[in-house]
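>>> just a sequence and a predicted model for now, questions to come.
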Amino acid sequence: MEDCLFCKFVSKELKTNIVYENEDFIVFKDIAPQAKNHFLAVPKKHFKYLADMTEEDAALLGRILKTIPTLKDVLELKGGYRLVINQGDDAGQTVPHLHIHILSGQKMGWTPA
Ligand code: 5GP
Ligand code: ZN
């Protein structure tokens, strides 16, 4: 999608520090970390909301969720981790391309924004 920051990271039109990539998604460090380790898992396909997903997209998301724990070394997930998907303005979604926050590296209280 034109003018989508995360699509530009996916297409490599813009450079970011990708630490993992497969046919479904890329993973890179969040520019404004909210935990010691804060990565974003971004599907290569553009969609904004879970509500927009087709069955195929749901399978894609399932594959991403299944892969994240296998990246425990590169994402430093050993002590436990939290996954967050912000949906819409009230949740503070700022990038209109669905992404999964992966937070780890410290004990995290329940700290919604
Ligand atoms: P949201 O608020 O939409 O759930 O999450 C968007 C995330 O993208 C934020 O945590 C923000 O720090 C991150 N982000 C925004 N722009 C950039 C960027 O240019 N590079 C990287 N690596 N992360 C970004
Ligand atoms: Zn996009």
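Perfect, thanks for sending it. Numbering: from 1, shown residues only. Ligands and ions are numbered 1, 2, ... in the order given.

>>> listing partners with orientation, what would you give for the longest strand along the chain?
Using DSSP state E, we find that the single longest strand of the chain is strand 37-43. Using DSSP bridges, strand 37-43 pairs in its sheet with strand 25-29 (antiparallel), strand 100-104 (antiparallel).

>>> could you dump those strands to JSON lines with mean neighbour count, mean pLDDT and distance to ligand 2?
No exception for glycine: its C-beta is placed from N, CA and C like everyone else's. Formatted as JSON lines, the strands paired with strand 37-43 follow (neighbours: other CB atoms under 10 Å; pLDDT from 0 to 100; distance: least, CB to the ion, whole Å):
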{"stretch": "strand 25-29", "mean neighbour count": "20", "mean pLDDT": "98", "distance to ligand 2": "11"}
{"stretch": "strand 100-104", "mean neighbour count": "20", "mean pLDDT": "97", "distance to ligand 2": "14"}
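
>>> closest to Asp52 out of these?
strand 100-104 (15.5 Å; CB to CB).

>>> ok, and what's touching the closest one?
Outside of strand 100-104, the residues within contact range by CB atoms under 8 Å, 6 or more residues apart in numbering are 27, 30, 34-42, 64-65, 68, 75-77, 79-86.
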